[in-house]
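Enquirer: Sequence first, predicted model second:
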Amino acid sequence: GAVVSQHPSRVICKSGTSVKIECRSLDFQATTMFWYRQFPKQSLMLMATSNEGSKATYEQGVEKDKFLINHASLTLSTLTVTSAHPEDSSFYICSAGLAGGIPGDEQFFGPGTRLTVL
Amino acid sequence: GDSVTQMEGPVTLSEEACLTINCTYTATGYPSLFWYVQYPGEGLQLLLKATKADDKGSNKGFEATYRKETTSFHLEKGSVQVSDSAVYFCALIQGAQKLVFGQGTRLTINP
């Protein structure tokens, strides 16, 4: 089956620094990638949708200047949390969709990245 | 907006017990409904889905029926195994192709 990896799996950083999280589709090309955020005991919240070669579409309430998303190739999308603060600490999950796939069942999820900002 | 509500966890059962995880949804139209499972250290995987009323999704012994009249999509399994221990997410998708998730239910099966 389609595999999506994320790197790093865990990261701890100091307040004010920037952190980059990578999401890769290992055995397929993903024209669309999604970034989610999950707080403890809460559901996944979609942050943004990125299409290869174009600007990401951010959900309402998500600061696009703080959460920079780049989808420069069909197998890689990156999320950069700029000037991170403790309130940005969360579990970030990406998913990748196949070109022409049916919404929902053609999204393949990465294992997530735990970000802790001190 | 659209939303999904799952039963509170965690749920702990003994092996071979019956499982039901409740899921109800709120949507203006006719969404497709999904159950995802997340095993420890892995990404979410699609477990089963149903795209219209009265459809039954099934996989790995799990079943869920799309009940439009009660806006529900409860996950059931007749006899759980230790390997079923995971976090289960109910979700819907409609229109703009954005998945809306429930909060997840952690299931632990003891031998």
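Expert: Yep, it's here. Numbering: from 1, shown residues only, chains lettered A, B, ... in the order given.
Enquirer: Would you verify that A:Glu87 is located in a helix?
Expert: Yes. A:Glu87 forms part of a helix when assessed by DSSP: H, G, I helix; E, B strand; the rest coil.
Enquirer: quick one, what contacts it?
Expert: Contact analysis of A:Glu87 by CB atoms under 8 Å, 6 or more residues apart in numbering or on different chains lists A:Val117. Backbone N, C-alpha and C define where each C-beta goes, glycine included.
Enquirer: how far away is it from chain B?
Expert: 20 Å (CB to the nearest CB, to the nearest Å).
Enquirer: which intervals of chain B have sub-threshold pLDDT?
Expert: Residue ranges of chain B with pLDDT under 70: B:95-97.
Enquirer: For it, which residues are neighbours of chain A?
Expert: B:4, B:32, B:34, B:36, B:38, B:41-46, B:49, B:89, B:91, B:93, B:97-104 (CB under 8 Å from any CB of the partner chain).
Enquirer: Just these: which are in strands?
Expert: Members of the residues of chain B next to chain A lying in strands (criterion: DSSP state E): B:4, B:32, B:34, B:36, B:38, B:44-46, B:49, B:89, B:91, B:93, B:98-101.
Enquirer: Buried ones only from those, please, as a PyMOL command.
Expert: Remark: buried members of those, expressed as a PyMOL selection using 16 or more other CB atoms under 10 Å in any protein chain shown:
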select buried, chain B and resi 4+32+34+36+38+44+46+49+89+91+93+99+100+101
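Enquirer: and the next element down the chain from the worst-scoring helix or strand of chain A on mean pLDDT?
Expert: In chain A, the helix or strand scored least confidently by mean pLDDT, DSSP states H and E is strand A:107-109, which has a mean of 86. For strand A:107-109, the succeeding helix or strand toward the C-terminus, using DSSP states H and E, is strand A:113-117.
Enquirer: Perfect, that will be all.
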